[in-house]
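Asks: Below are the sequence and a predicted model for it; my questions follow.
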Amino acid sequence: MMDFSEINISDKQLFDKYIKESNPQASELTFTNFFMWRDYYKFRYALAGDLLCVVSADDKKGPFAFAPIGSCNDDNFTEALAAIKEYFNKKGWALRFSRVTEKELPYFKKSAAVKGDFIEDRDNSDYVYLTENLINLSGKKYDGKRNHIKRFKKQYEYEYVILGPEHVDECSRIMLEWCKSRDCGCQRGEYCERHANMELLQNYEVLGCKGAIIKVDGRFEAFTVGEMLNSDTAVIHTEKANSAIHGLYTFINQQFCEHEWKDTMYINREQDLGIEGIRKAKLSYNPVMMIRKYNIL
């Protein structure tokens, strides 16, 4: 049986190698994502068929595996699937693959190692936008966004600052205030953005991300962090702001794209998790495509 290991910051080089080979489309497929959420999802990894196999030993919603990651072909993909299946069987877990994109579906359908139902997972499918649209906000469909920014600039003094290690404490405060405004009382081990974001921020330089923090009337009130997902797409891992400041979310989104990602074609702003308000907000920016994901049961 494969020997699965816990994820540590020292595993970044290994993950980056296999992730780059896979030319990922899904927002989850960065070392940053695996690292910052490793405690909640209980991520483990191993190699099989010279592919990276990542599983979640989540005992709340049930264990699942990602599609094997790397330079895939029919043979090594099937070998990796068989190894994952053996691991699940010996653990006594029901075999389930999750966050599978349309790119990986043909490998699953051709493999005899896995036979199951393919169910689209709308709540975890990613929203992808043209970077130029998020920067320019041109046309009638973005009238509201431009008005939000115009009102923000009229009401407040502001400063865009490149995020550095010296800003971690300010980001932690912003995150804590964001949680308090939503009565978040999560504890470690629960689904908690604050814990995941602190893992990200405290390892910001090692993870190789870019970020920004916005000062409003002399006080830091919003921050965001992202990185390149593939050769033409950036992914935004987190974006938190004081929602009492009208237009601040719209402003930091537009400014981050303009300052850091103007040379990319696309921005992946992750999924909506089935939360109505988040879905409405992400749709309001007019995505040009969705990265559709599937569960295989």
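Replies: Happy to help now that I have it. Numbering: from 1, shown residues only.

Asks: can you map out the strands along the stretch 1-150 of the chain?
Replies: Secondary structure of the stretch 1-150 of the chain, counting by DSSP state E, counting those that start in this stretch: strands at 5-6, 43-48, 51-56, 64-65, 97-101, 118-120, 126-130.

Asks: Could you list the buried residues of the host helix or strand of His259?
Replies: For His259, the enclosing helix or strand under DSSP states H and E is helix 248-260. For helix 248-260, burial by neighbour count (16 or more other C-beta atoms under 10 Å) applies to 248-257, 260. To be clear about C-beta, it is placed using only N, CA and C from the backbone, and glycine gets the same treatment.

Asks: Direction included, what does the very next helix or strand once past that helix pair up with?
Replies: Once helix 248-260 ends, the next helix or strand along the chain (criterion: DSSP H and E) is strand 266-268. Using DSSP bridges, the strands paired with strand 266-268 are strand 126-130 (antiparallel), strand 233-241 (parallel).

Asks: Mind putting those into JSON lines with distance to Arg44?
Replies: JSON lines is the format used below for the strands paired with strand 266-268 (distance: least, C-beta to C-beta, whole Å):
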{"stretch": "strand 126-130", "distance to Arg44": "24"}
{"stretch": "strand 233-241", "distance to Arg44": "21"}
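
Asks: export these to a markdown table and tack on mean neighbour count?
Replies: What follows is the strands paired with strand 266-268, written out as a markdown table (neighbours: other C-beta atoms under 10 Å):
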| stretch | mean neighbour count |
| --- | --- |
| strand 126-130 | 21 |
| strand 233-241 | 22 |
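
Asks: Could you export these as TSV, including mean pLDDT?
Replies: Formatted as TSV, those follow (pLDDT from 0 to 100):
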stretch	mean pLDDT
strand 126-130	98
strand 233-241	97
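
Asks: and Asn203, which of those is closest to it?
Replies: strand 233-241 (12.0 Å; C-beta to C-beta).

Asks: could you check the distance from Pro68 over to Asp272?
Replies: 27 Å (C-beta to C-beta, to the nearest Å).

Asks: Could you tell me how far Ser5 is located from Leu47?
Replies: 10 Å.

Asks: before we move on, back to that, output the strands of the stretch 1-150 of the chain in a markdown table, with distance to Asn197 appended to each entry.
Replies: Listed next are those as a markdown table, based on distance: least, C-beta to C-beta, whole Å:
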| stretch | distance to Asn197 |
| --- | --- |
| strand 5-6 | 20 |
| strand 43-48 | 17 |
| strand 51-56 | 19 |
| strand 64-65 | 23 |
| strand 97-101 | 20 |
| strand 118-120 | 28 |
| strand 126-130 | 19 |
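
Asks: buried residues in stretch 267-274?
Replies: So, applying 16+ other C-beta under 10 Å, buried residues of stretch 267-274: 267-272.

Asks: Apart from its chain neighbours, what residue comes closest to Ala46?
Replies: Nearest residue to Ala46 in three dimensions, chain neighbours excluded: Met2, at 4.2 Å (C-beta to C-beta, 6 or more residues apart in numbering).

Asks: whoops, I mixed them up, Phe4
Replies: Using C-beta to C-beta, 6+ apart, the nearest residue to Phe4 is Arg44, at 3.8 Å.
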